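Chemist: sequence unknown, structure follows:
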């Protein structure tokens, strides 16, 4: 009998705020200079939550937020900031040099 595989989706495994924070930290380390990589990671995190509720908290339509966080999206910093706050995350910057 042939094995059946289903597509892997990271959003299925982001069940707690701690999981989300670790996922985003790993994405930030992996992204290098690719902001689209971070946008994608935030989109995955958003999909792991109630997307409609998240869009309401951010002050955008569901479709607008989905488009902003899609692979073709180019969200403003304000959108990224509002999404992170709505997810219960805090943006921080640290000196690395």
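Modeler: Okay, I see it. Because the structure is predicted, anything quoted here is derived from the model rather than measured.
Chemist: Would you mind pulling the contact partners of stretch 34-51?
Modeler: 9-15, 20, 23-24, 27-28, 30-31, 54, 62, 65-66, 68-71, 73-75, 80, 83-84, 87 (CB atoms under 8 Å, 6 or more residues apart in numbering). C-beta coordinates here come from the backbone N, C-alpha and C atoms, glycine included.
Chemist: Show only the entries of those residues found in helices.
Modeler: Counting by DSSP state H, the part of the contacts of stretch 34-51 found in helices is 20, 23-24, 27-28, 30-31, 54, 62, 65-66, 68, 80, 83-84.
Chemist: ok, back up a step: just the buried ones out of the contacts of stretch 34-51, please.
Modeler: Buried by 16 or more other CB atoms under 10 Å: 14, 20, 23-24, 27, 54, 65-66, 68-69, 73, 75, 80, 83-84, 87, out of the contacts of stretch 34-51.
Chemist: which parts of the host helix or strand of residue 37 are buried?
Modeler: Using DSSP states H and E, residue 37 sits in helix 35-48. For helix 35-48, the buried set under the neighbour-count rule, 16+ other CB under 10 Å, comprises 38-48.
Chemist: And the average pLDDT for it is what?
Modeler: Helix 35-48 carries an average pLDDT of 92.
Chemist: 762 is where my numbering starts, stick with that
Modeler: Right, with 762 as the first residue, what we last looked at is helix 796-809.
Chemist: tell me how far that helix is from the chain's mean position?
Modeler: Relative to the centre of its chain, helix 796-809 is centred 3 Å away, using CA atoms, centre = their mean, to the nearest Å.
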